[in-house]
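> model the structure of this input:
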Amino acid sequence: WISSFTISKPKPSAIKGNSPRKPVIEDLLELEDVDKKIMKEKSSLDKSPPDFCRFEIVNEDIHHWRAFLTGPPKTPYAGGTFVIDFNFPAQYPFKPPEIIFATKIYHPNVKLDTGEICNDLVNENWGPTLNVRNCAEILKDMMENPQPDHPLEAAIATQMLEKPKEFEKAAAKHTKQHAM
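Model (predicted):
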């Protein structure tokens, strides 16, 4: 299945900083290593997927994945499947993938309008030994244990702290309306 994917190369300006120079052979070899790392992770996830999440490559671009995360039981997200986009930078695994909820989710750590997650969740402890499986675990934990102390949606965080039953009801309703 690996040969069926096209490997998109970033613009030369995206390689090793923002200089407009032409890529040299070392830059291209480095990109190939990134592509191999991403493909190896996908293969590992295909062989041994997490029980709560599956992954697809979008439009045969190995730098863009889509995750389908099942809402954890005993949360207001239970019963829903949430679509999440992963975009891998040229510096991966030294920089984390950009992670965006494509499915609207009522959560204090996710922007309602853009799906952006709180940077602290992934970026804060990121290192090159971490991977997509770790990101999926972080997202699942985020859904099980929202952090109202570091919100992207202050009103939702306030509701969660002051009126937890209303928060759960609103999050469950939102899940039914938007999640698959």
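
> what is the lengthiest strand in the chain packed up against?
In the chain, taking DSSP state E as the definition, the longest strand is strand 61-70. Secondary-structure packing of strand 61-70 (3 or more CB pairs under 8 Å, 6 or more residues apart in numbering; DSSP states H and E): helix 25-47, strand 53-58, strand 81-87, helix 132-144. Heads up, the C-betas are built off the backbone N, CA and C, glycines and all.

> average pLDDT for the first one, rounded please.
Read it as helix 25-47. Across helix 25-47, pLDDT averages out at 77.

> ok, residue 157 touching residue 108?
Yes: look at residue 157 against residue 108 with CB atoms under 8 Å: they come within range, at 3.8 Å.

> neighbour count: these two, which is higher?
residue 108 (24 against 20; other CB atoms under 10 Å).

> next one, pLDDT for that one please.
97.

> please verify my assumption that it contacts residue 145.
No: here residue 108 does not reach residue 145: they are 11.0 Å apart, not a contact under CB under 8 Å.

> sorry, back to before: quick check: neighbours shared by residue 157 and residue 108?
146, 148, 151 (CB atoms under 8 Å, 6 or more residues apart in numbering).

> most neighbours among those, please name it.
residue 146 (23 neighbours).

> pretty sure residue 148 contacts residue 157?
Yes: between residue 148 and residue 157 there is a contact under CB under 8 Å: 3.8 Å.

> phi, psi for residue 149 please.
Dihedral angles of residue 149 (phi, psi; degrees, to the nearest 10) stand at phi -80, psi -20.

> do you know how far it is from residue 174?
21 Å (CB to CB, to the nearest Å).

> the two: which is more packed in?
residue 174 (20 against 9).

> that one touches residue 106, doesn't it?
Yes: assessed by CB under 8 Å, residue 174 is found in contact with residue 106 at 3.7 Å.

> low pLDDT regions in this protein?
Scanning the chain for pLDDT under 70 picks out the ranges 1-31.

> cutoff 80 now
The model of the chain has pLDDT under 80 over residues 1-32, 119-121.

> residue 166 - how many residues pack around it?
11.

> tell me which strands and helices the strand or helix carrying it is in contact with?
If you go by DSSP states H and E, residue 166 is part of helix 164-178. Secondary-structure packing of helix 164-178 (3+ CB pairs under 8 Å, 6+ apart): helix 154-162.

> quick one: distance of the helix it packs on to the chain centre.
Counting by CA atoms, centre = their mean, to the nearest Å, helix 154-162 is centred 24 Å from the centre of its parent chain.

> if anything else comes up later, I'll come back, but that's it for now.
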